[in-house]
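>>> Sequence plus predicted model, see below.
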Amino acid sequence: MKPGVRARLRRWHLVLGLTAGAVFALAGVTGSALVFYLELDGLLNPALVDPTPAAPARSLEDLYGALRAAHPTRTGAWRLEFPADRARRIQARYYTPVEARGRLFAPLVATIDPVTAQVVDSRLWGRHAVTWLYDLHYTLLLDRAGRTLLGVLGVAMLAGLVIGLALAWPRTPRWREVLRLRPRHGAARRVFDLHRAAGLYGLVVSALLVVTGVCLALPATVHPLLERMSPLYVAPALHSTREASPRIPLDAAVAAAQRRFPAARLAWVETPADADGVYRINLAQSFEPSMRFPRTNVWVDQYSGHVLAVRDPRRDSAGDVILNWLHPLHNGEVFGLAGRVIVCAAGLVPALLFATGLLRWRQKRRAARRIAART
């Protein structure tokens, strides 16, 4: 690499590291904590944990009835989550609370005891520790503008990683020497070696987290690009047939959906938003990358119980497959506990890169001032 090109790359690496790198470090540290979001939330909020997971649960209709009794003015759709871990109570989200009108994402989250069918906790998203941390990670607490800014800075940080790799690339084939972790003598050399080693050893996972994070933060840009590759799935606009018969209970709607996918696990149930609405049953099949947010959906008429539409992710297009993998890759879920641990550790790499890069920059400035003072 020519000296002039190398000098320009160093300047760009410095600028990107001191600007986008600071946000990258913040996103990494908060992301590390959010890898274990459910466990952390349960630790901080004991009401989310079921003290009697072996006791028989009440019917789904009883749980829905408890929600409506506890929040009689919230007449729209509720979305109930049924965790795979029986030690966790059932949570339900109401996505359109008047208290958070206009915000990008701020549902009311209610927790239901599945044994007693009682609502034991109701919280607005962003007003307790873990969801506030999630908003900090996803939007920098700036709502839509913050999410877009985070996506743009993610692109800048990806450029910084590529430039860092170019600068670390050996001039001769001596990768073993570059990658060895033996620290050299002198504080400046140790800081530089640590910065380079963190960047090189964490490059693959860090780049994966940045790319998936950018795609999640900029859907208005990413989705049209994927649409050019293959058509993306569009949820059907469905309505229940108006009949004199009353709404069927949730249990019957879930049973109708599970007859289509008998081996799948129940993940979510979305209730009808109004008298014309339908049930949306979200099931998890064993091959799906995300067990918490799977893509198997069955829409059921709320009066007749007839299945109106089905989405089977085995038939998804290439673009939809990419979208389905983004979140489970970003949080490591797709590789089980080992993947989550790796992503948790990798989330600390940006903070290490920022700290060592800042320290190295200050060391070079002090050295330059000393030289100027001598001359």
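Cool, got the structure.

>>> Please, where are all the strands along the stretch 251-375 of the chain?
All strands of the stretch 251-375 of the chain, identified by DSSP state E, counting those that start in this stretch, fall at 265-270, 278-284, 296-301, 307-311.

>>> okay if I get those as a markdown table plus mean pLDDT and mean neighbour count?
The C-beta positions use only the backbone N, C-alpha and C, and glycine is treated the same way. Putting the strands of the stretch 251-375 of the chain into a markdown table (pLDDT from 0 to 100; neighbours: other C-beta atoms under 10 Å) gives the following:
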| stretch | mean pLDDT | mean neighbour count |
| --- | --- | --- |
| strand 265-270 | 97 | 20 |
| strand 278-284 | 97 | 24 |
| strand 296-301 | 98 | 23 |
| strand 307-311 | 97 | 16 |
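
>>> quick one: which of the ones you listed is nearest Pro231?
Of all the strands of the stretch 251-375 of the chain, it is strand 307-311 that lies closest to Pro231, at 13.6 Å by C-beta to C-beta.

>>> hmm, back to that, need the strands of the stretch 251-375 of the chain in a markdown table with distance to Ser122, can you?
Shown next, in a markdown table, are the strands of the stretch 251-375 of the chain (distance: least, C-beta to C-beta, whole Å):
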| stretch | distance to Ser122 |
| --- | --- |
| strand 265-270 | 18 |
| strand 278-284 | 22 |
| strand 296-301 | 27 |
| strand 307-311 | 31 |
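
>>> What's the separation between the residue nearest in space to the middle of the chain and Val35?
Centroid-nearest residue in the chain: His327, 5.1 Å away (criterion: C-alpha atoms, centre = their mean). His327 sits at a distance of 12 Å from Val35 (criterion: C-beta to C-beta, to the nearest Å).

>>> Over to Val343?
Distance of Val343 to Val35, computed by C-beta to C-beta: 5 Å.

>>> Find the residues that touch each one of the two.
Taking C-beta atoms under 8 Å, 6 or more residues apart in numbering as the criterion, Val343 and Val35 both touch Asn331, Gly332.

>>> Sketch out the low-pLDDT regions of the stretch 201-350 of the chain for me.
244 (pLDDT under 70).

>>> For it, which segments count as helices?
Assigned helices in the stretch 201-350 of the chain, in chain order: 203-217, 219-229, 250-260, 318-330, 336-346, 349-374 (criterion: DSSP state H, counting those that start in this stretch).
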